[in-house]
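> I would like the atomic coordinates for the input below:
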Amino acid sequence: MTDTHSQDITSQNDQSQAPQRTPFYQSHIDSDGKLVDFSGWELPIHYGSQIEEHEAVRTDAGMFDVSHMVVTDIKGADTKAWLQKLLANDVNKLTTTGKALYSGMLNEQGGVIDDLIVYLMNAEETEYRIVSNAATRDKDLAQFNKVAEGFDITITERPELAMLAVQGPNAIAKLAQAKPSWADTLAALKPFVGADLTDIEGTDWFVARTGYTGEDGVEVIMHADDAPAFFEQLKANGIKPAGLGARDTLRMEAGMNLYGHDMDETISPYECNMGWTLALKDDRAFVGREALVSKRKQSKEDNTAMKQVGLLLTTRGVLREGMTVTINQGTDNEQTGIITSGTFSPSLKNSIAIARVPTSLSEDDSVQVDLRGKGKFVDVRVLKLPFVRNGKQQFDS
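Now for the predicted structure:
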């Protein structure tokens, strides 16, 4: 990895199994992308400069191949009831076709199997679409099918589809320039809402005003056969190809979780800033609810509850995943937490991190990190996430 201090987000794939290629593979080669193995997929870490790609998304427009994400369509009379059992958030919030909902999918112990987005695809509430993470594909599909027992639904994975995220303050304008026939649809598209483009573009085209960068933009789904030409069309209209490295620094600045780093099956939604996604006001019996509520109550009683915060390092050095966060070092009130993601922030020109710390942490507490593991601690500033949103710093200097 060059041109950055980002954490290592590449995966160690089984050497006996070659990584899969997305429909944009040749587009990456033609654009001088440096390919790496990410969750079993061959994807670009950058196209020459991760910093420039990051800046393009923060100030203009960039595009990411996210075809490794898993698209699953669910249809049937019981689809809504199935989702209400499967997800910790409540699909009753999806009141119009195309509306999207972010949710955790929990195990019986209240840990996060995956975080995902679900879309309502028809007015009859019998068709929904889920977009979930590549790294958790097998266990996600297993959970879908396990919970589906007794429900009248059909679960269909859509591996023939490709997906491109177009992000940045000028992303929608440049996309409309590349696709004039989409202009009215894009102009009417509200955040966290999708639209079927079949009448305009043909079968399998779908666009949603969602993303993973903290900037405005959309994610476009299409058939694999249409992917290369679409990539080139956007590139010709000034949308810069961007790789995994920039995607990681952008999402960290935006305070967004990466599965397997900031959360996993042992982590509660409360511990990874996903408490706002929990729909607990009614008595809906979703998977993991009982354990989630019980453990939350117990952790508060025995003072072991954890929360997610941002850390800012204003001196030299880089905060890294796995580093211990020490609170009130050397006092009777000493506690510890852990950094779950860390990087150098191109926007802030300092190192930032996402950390899991005791909920008792206050602004008055002294917080330090041993950067080199040699007992030489440096002060870090605790901040509420996000660090950056819509190109603007979200905290006072």
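> now the helices: where do they sit in the stretch 151-300 of the chain?
Along the stretch 151-300 of the chain, counting by DSSP state H, counting those that start in this stretch, helices occupy 171-178, 183-188, 198-201, 227-236, 244-253, 289-301.
> Need the CA coordinates for the last one. PDB is fine.
Output in PDB follows, covering the C-alpha atoms of helix 289-301 (Å, rounded to 0.1, in the frame of the first residue of the first chain):
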ATOM      1  CA  ARG A 289     -33.500  -9.300  21.400                       C
ATOM      2  CA  GLU A 290     -33.800 -11.100  24.700                       C
ATOM      3  CA  ALA A 291     -30.000 -11.600  25.100                       C
ATOM      4  CA  LEU A 292     -29.300  -8.100  23.900                       C
ATOM      5  CA  VAL A 293     -31.600  -6.400  26.500                       C
ATOM      6  CA  SER A 294     -30.400  -8.700  29.300                       C
ATOM      7  CA  LYS A 295     -26.700  -8.200  28.600                       C
ATOM      8  CA  ARG A 296     -27.200  -4.400  28.300                       C
ATOM      9  CA  LYS A 297     -28.900  -4.300  31.700                       C
ATOM     10  CA  GLN A 298     -26.200  -6.500  33.300                       C
ATOM     11  CA  SER A 299     -23.300  -4.500  31.900                       C
ATOM     12  CA  LYS A 300     -24.700  -1.300  33.300                       C
ATOM     13  CA  GLU A 301     -25.200  -2.900  36.700                       C
END
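> Let me know the next secondary structure element after that helix.
Note on helix 289-301: by DSSP states H and E, the next helix or strand toward the C-terminus is strand 306-313.
> Just say which of the helices of the stretch 151-300 of the chain is most tucked in.
The highest mean neighbour count among those, using mean count of other C-beta atoms under 10 Å, belongs to helix 244-253: a mean of 28. From N, CA and C alone the C-beta is placed, and that goes for glycine too.
> Residues contacting it, please?
For helix 244-253, contacts defined as C-beta atoms under 8 Å, 6 or more residues apart in numbering pick out 1, 3-4, 6-7, 9-10, 36, 38, 43-46, 50, 53-54, 57-58, 62, 64, 167, 212-215, 258, 341-348, 352-354, 386-388.
> Which one, of the helices of the stretch 151-300 of the chain, ends up nearest to Val318?
Closest of the helices of the stretch 151-300 of the chain to Val318 is helix 244-253, at 11.9 Å (criterion: C-beta to C-beta).
> Now intersect the contacts of helix 244-253 with the helices, please.
Judged by DSSP state H, helices contain the following of these: Gln50, Glu53, His54, Val57, Arg58.
> Excluding covalently adjacent residues, which one is nearest to the first one?
This means Gln50. Take Gln50 and drop its neighbours on the chain: the residue closest to it by C-beta to C-beta, 6 or more residues apart in numbering is Gly245, 3.8 Å away.
> and the residue of the chain most remote from its centre, what does it touch?
Using C-alpha atoms, centre = their mean, the residue of the chain lying farthest from its centre is Asp332. It sits 37.9 Å away. Contact analysis of Asp332 by C-beta under 8 Å, 6+ apart lists nothing.
> repeat for Pro23
Counting by C-beta under 8 Å, 6+ apart, Pro23 has contacts Ser67, Ala162, Ala224, Asp225, Ala227, Pro228.
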